[in-house]
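Novice: Have a look at this prediction, sequence included:
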Amino acid sequence: MSKESQISVVMASYNYERYIEESVKSVWDQSYPNLELVIVDDASTDATLAILKELEKRSPIGMTIYCNKENQGPNRTQNRAVGLARGDLIAFLASDDKYAPDRFKSQVDLFKRDLHLMVVYGNGWSFRGRDLTARLHSDDVKGLLSQDADRVLRYLYTHSSPFYLQTALVRKEFLLECGGNDEQVLADDWVLNIRFFQSLIKAGHFAYIDEDLAYYRLHDDNLHKNFARQIALKKEVIEKYTPKSLKREALANIYRKQAGIALVHGDLLNGMSFLFLSKVNAILSKRSFKDAS
């Protein structure tokens, strides 16, 4: 990898007129010298596209904007952005999040030293307004990222992905070989991480650096209070990607996690219902394991 390898930051934007300028400017502020920003707007109905066109006129880096004629959803939109990207390395940024300054230096240094390295994760913070709330990758997640690809993949089959793609830098060739985002399901980051590790158990490897690279914005639109929809999305992933022997374990885990979220939001009925379903699936999972052995 040459010293001037190009990084393409890809962004799928939709109706985030409040945040899009801050997100774009966090890419402009990077110190890396060979950087482009590729944004595909998914037919926003607010002022997002107009803001982007004004930013494009002032951009200090290469900036490509494409607008879907009709709403395509985040997976297809992100795939289109990757298809338009010219860089050797791909970074992801949601249109309501932002990067830390000097986001890429340590990750690029790792890629320069290792031709078999395919993806590097980092860390960051969630934030609300001006307040940082929590590290994106906790000590438990960092421990998981210290394991081999097989163990990580088993975890991803049975738990929602704890990995924030906003912190990742990926070889474009590897991303394309993985198939990119699955356009047949609605869940996005979880499936893409599964696809990464399905490929990594065959060839290549990954790394993690404990540096703050990205900031995930908390606001009302991403609190996921629609519990029925969240369960449906997660069950869709489990049905398509989780091996049959692990499906009950996966269901037990996602119901338990959704129970915790519901109870935090004061939704006692859903919280207790999800806890019951988690227990049932956990029992069935253990019974299936005993029958198999």
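Specialist: Good, I have the coordinates.
Novice: Bridge partners for residue 91, pull those for me.
Specialist: residue 9, residue 169 (DSSP bridges).
Novice: what's the helix or strand for the closest residue to residue 248 other than its chain neighbours?
Specialist: Nearest non-adjacent residue to residue 248, counting by C-beta to C-beta, 6 or more residues apart in numbering: residue 285, 3.6 Å away. Yep, even glycine has a C-beta here, placed from its N, CA and C like the rest. Following DSSP states H and E, the helix or strand that holds residue 285 is helix 268-292.
Novice: Show me what that helix is packed up against.
Specialist: helix 227-241, helix 247-264 (3 or more C-beta pairs under 8 Å, 6 or more residues apart in numbering; DSSP states H and E).
Novice: Residue 189: neighbouring residues, count only.
Specialist: Applying other C-beta atoms under 10 Å, we find 19 residues neighbouring residue 189.
Novice: if we can go back for a sec, mind putting the helices and strands packed on helix 268-292 into JSON lines with distance to residue 11 and mean pLDDT?
Specialist: Shown next, in JSON lines, are these (distance: least, C-beta to C-beta, whole Å; pLDDT from 0 to 100):
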{"stretch": "helix 227-241", "distance to residue 11": "22", "mean pLDDT": "91"}
{"stretch": "helix 247-264", "distance to residue 11": "27", "mean pLDDT": "94"}
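Novice: most tightly surrounded among the ones you listed?
Specialist: Stretch with highest mean neighbour count among these: helix 247-264 (a mean of 20; mean count of other C-beta atoms under 10 Å).
Novice: so how far is that helix from its chain's centroid?
Specialist: Taking the mean of its C-alpha atoms, helix 247-264 sits 20 Å from the chain's own mean (C-alpha atoms, centre = their mean, to the nearest Å).
Novice: Could you report the separation of the residue nearest to residue 248 from residue 104?
Specialist: Counting by C-beta to C-beta, to the nearest Å, the gap from residue 285 to residue 104 is 41 Å.
Novice: Pretty sure residue 32 sits against residue 7.
Specialist: Yes: using C-beta atoms under 8 Å, residue 32 is in contact with residue 7, at 6.1 Å.
Novice: which one of those two has more residues nearby?
Specialist: A count of neighbours by other C-beta under 10 Å puts residue 7 above the other of residue 32 and residue 7, at 25 against 20.
Novice: pLDDT value on the closest residue to residue 85 other than its chain neighbours, please?
Specialist: Using C-beta to C-beta, 6+ apart and skipping the chain neighbours, the partner closest in space to residue 85 is residue 8 (3.5 Å). Per-residue pLDDT puts residue 8 at 98.
Novice: Quick one: residues contacting residue 8.
Specialist: 35-38, 82, 85-87, 89-91, 172 (C-beta atoms under 8 Å, 6 or more residues apart in numbering).
Novice: Show me which of those residues is closest to residue 21.
Specialist: Taking C-beta to C-beta as the measure, residue 21 lies nearest residue 37 of those, at 12.6 Å.
Novice: Test of understanding: give the bridge partners of the closest one.
Specialist: residue 9, residue 63.
Novice: Report the separation between it and residue 270.
Specialist: 40 Å.
Novice: So which of those two has more stuff around it?
Specialist: A direct count of neighbours by other C-beta under 10 Å for residue 37 and residue 270 places residue 37 higher, at 27 against 18.
Novice: That one and residue 84: what is the separation?
Specialist: In terms of C-beta to C-beta, residue 37 sits 11 Å off from residue 84.
Novice: Kindly report the same for residue 50.
Specialist: Distance from residue 50 to residue 84, by C-beta to C-beta: 20 Å.
Novice: More neighbours: which of those two?
Specialist: More crowded of residue 50 and residue 84, by other C-beta under 10 Å: residue 84, with 16 against 11.
Novice: could you list every residue that touches that one?
Specialist: Counted by C-beta under 8 Å, 6+ apart, residue 84 has contacts 38, 40, 64, 66.
Novice: Looking at these, state which has the most neighbours.
Specialist: Most surrounded of the contacts of residue 84: other C-beta under 10 Å gives residue 40, at 25 neighbours.
Novice: how about the helices in the stretch 51-200 of the chain?
Specialist: 74-84, 105-113, 139-144, 149-158, 172-178, 189-200 (DSSP state H, counting those that start in this stretch).
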